[in-house]
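# sequence first, then the predicted structure:
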Amino acid sequence: MRRSALYSGLLIAAVVALAACGGGEDAAAGGPGGGPGGPPGEMKLPVETATITPRPLEGGLQTVGSLRADESVVVRPEVAGRIDRIHFTEGGRVTAGQPLFTLDGSLARASLNEAQANLENSRRAAARATELSSSQLIARSDLDRARAALGVDQARAASARTALEKMTLRAPFSGQVGLREVSVGEVVNAGQDLVTLVRLDPIEVDFAVPEAALPKLQNGQAVRIVVDAFPGDTFTGKVVAIDPVIDPNSRSARLRAQIPNPDHRLRPGQFAKLKLDTGSGNATALLVPEQALMQDGDTRFLYTVVDGKAKRMTVKTGTRTPGFVEITEGLKPGDVVITAGQAKPMMREGMPVMPLPPAGAGPAPAGNPAPAQPAPAADATPASNAKPTSS
């Protein structure tokens, strides 16, 4: 009897302890039953969200590029020789055909004089042979040999004249010369660098845009650029060439635009921020904060909130604007997208979430759109290792 009473007391104590533990878990979960909307003991992941609505998408792509000279050449001699004269000032401007360097041409000039003397002799011999042949005083073969000798001497004279002309190096086009690498009296070899000549007006800018923008590209499109050296100025130009080959690594197309540069303020090698006019007008698009976008291998996705739970949505992207990415497929207006918290390890399909007001949230900036950039290349990884894409 005493033993049965002891067992009953232990059983009652265990029940009371379990009840106390269950109440503590309910409290930790935010209330009885694990909080509103969830089964008892279920944890909710705090996240920040944003409701997707169509926003204006300005007609343009933003990207960056590098300035390059319209024409650029390193002046090199075709023959070896000693520099006799330099005809330009370093950093100055020259015109097409203007002499830049003169090499010592004394030997070449002597060779030309010899070749011209031989040519004159052959010309007189050929004239006499023609006269004698017409009177049938010499054989036809003698006339042929005289004419052949004349042709050989003409070729030798032309060769000597060309060799002498190569002693003077001229500008192939109008432009600006750089710093010379040699001095008067120096003996240079064939192919040695002497000076760089560039044409600065117009100047060109090379840049790339994502392959998704190909339907919007064409020659003659307006381009605007700004450079750090002149932050308050905008330079305008137009697209002059589109590379027909897509880069297999970045999945982007390369373009080249020309910018008028009459005052030569823009220089080759400068970094430029560029906007390409795509003529989209006042179109609207579904834009999501760029931090909401995730990537798993080649798949881009994000998480939405449906009935208090996370739902993974595979999407396709388009144009980027500052801080936002256009979603062309996978979302519809009114969808609630998780913008912060989706990269936590416990995030998964069907995970209960607790939406929180975003810190410092505000409307999308009304700045100029930025270009769509291809997602960084990565090996295929499990979904649990997915990481947010970088802009």
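Now that the structure is in, tell me what you want to look at.

# walk me through the domains of this structure.
Domain assignment for the chain by automatic domain parsing gives 45-59+282-388, 105-166.

# how about the helices of this structure, start to end?
Residue ranges of the helices in the chain, as given by DSSP state H, are 2-28, 106-134, 140-165.

# pick out the shakiest of those, pLDDT-wise.
Among these, helix 2-28 carries the lowest mean pLDDT, at a mean of 41.

# convert stretch 209-220 to CSV, retaining C-alpha atoms only.
Provided in CSV are the C-alpha atoms of stretch 209-220 (Å, rounded to 0.1, in the frame of the first residue of the first chain):
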residue,chain,number,x,y,z
VAL,A,209,26.1,44.9,-72.0
PRO,A,210,24.4,41.7,-71.1
GLU,A,211,23.2,39.4,-73.9
ALA,A,212,19.6,39.8,-72.7
ALA,A,213,19.9,43.4,-74.0
LEU,A,214,20.7,42.4,-77.6
PRO,A,215,17.3,43.1,-79.0
LYS,A,216,17.7,46.7,-77.8
LEU,A,217,21.0,47.3,-79.5
GLN,A,218,21.7,49.0,-82.8
ASN,A,219,24.3,51.2,-84.5
GLY,A,220,23.6,54.9,-84.1
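
# can you list the buried residues in that stretch?
Val209, Pro210, Ala212, Ala213, Lys216 (16 or more other Cβ atoms under 10 Å). All C-beta spots, glycine's among them, are computed from the backbone N, C-alpha and C.

# for Thr319, grab the count of nearby residues.
29 (other Cβ atoms under 10 Å).

# pretty sure it is touching Leu61, no?
Yes: between Thr319 and Leu61 there is a contact under Cβ atoms under 8 Å: 6.5 Å.

# pretty sure Arg156 is touching Ala117, no?
No: shown here, Arg156 and Ala117 do not form a contact pair, counting by Cβ under 8 Å, at 10.7 Å.

# who has more neighbours out of these two?
With neighbours defined as other Cβ under 10 Å, Arg156 and Ala117 compare such that Arg156 has more, 18 against 12.

# okay, the nearest residue to the more buried one once chain neighbours are set aside and Asp84: tell me how far apart.
Computed as Cβ to Cβ, 6 or more residues apart in numbering, the closest residue to Arg156 that is not its neighbour in sequence is Ala115, at 4.6 Å. According to Cβ to Cβ, to the nearest Å, Ala115 stands 22 Å off from Asp84.

# okay, the domains of the chain in a markdown table with distance to Ile203 next?
Putting the domains of the chain into a markdown table (distance: least, Cβ to Cβ, whole Å) gives the following:
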| stretch | distance to Ile203 |
| --- | --- |
| domain 45-59+282-388 | 21 |
| domain 105-166 | 31 |
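
# residue ranges in the stretch 251-391 of the chain under the pLDDT threshold?
Scanning the stretch 251-391 of the chain for pLDDT under 70 picks out 279-283, 322, 358-391.

# distance of Glu349 from Pro210?
Using Cβ to Cβ, Glu349 is found at 29 Å from Pro210.

# relative to Val205, which of the domains of the chain is closest?
domain 45-59+282-388 (14.0 Å; Cβ to Cβ).

# what sits against Gly341?
Applying Cβ atoms under 8 Å, 6 or more residues apart in numbering, we find Gly341 in contact with Leu45, Pro46, Val47, Glu48, Met347, Val353.

# same question but for Arg199, I mixed them up
Ala69, Asp70, Glu71, Ser72, Phe173, Ser174, Gly175, Gln176.

# now, which of the residues you listed sits nearest Leu197?
Using Cβ to Cβ, Gly175 is the member of these that sits closest to Leu197, with 5.1 Å.

# wait, doesn't the closest one sit right on Val198?
Yes: Gly175 is in contact with Val198 according to Cβ under 8 Å; the separation is 5.3 Å.

# more neighbours: these two, which one.
In terms of neighbours (other Cβ under 10 Å), Gly175 is the more surrounded of Gly175 and Val198; the figures are 22 against 19.

# which pLDDT does the model give the nearest residue in space to the more buried one that is not next to it in sequence?
Take Gly175 and drop its neighbours on the chain: the residue closest to it by Cβ to Cβ, 6+ apart is Arg199, 4.0 Å away. Note on Arg199: pLDDT of 94.

# distance-wise, check Arg199 relative to Ser134.
Arg199 is 57 Å from Ser134, where distance means Cβ to Cβ.

# can you name the residues bridging to Phe301?
Phe301 has these beta-bridge partners by DSSP bridges: Met294, Thr314.

# surely it and Lys311 touch.
No: Phe301 is beyond contact range of Lys311, at 10.3 Å (criterion: Cβ under 8 Å).
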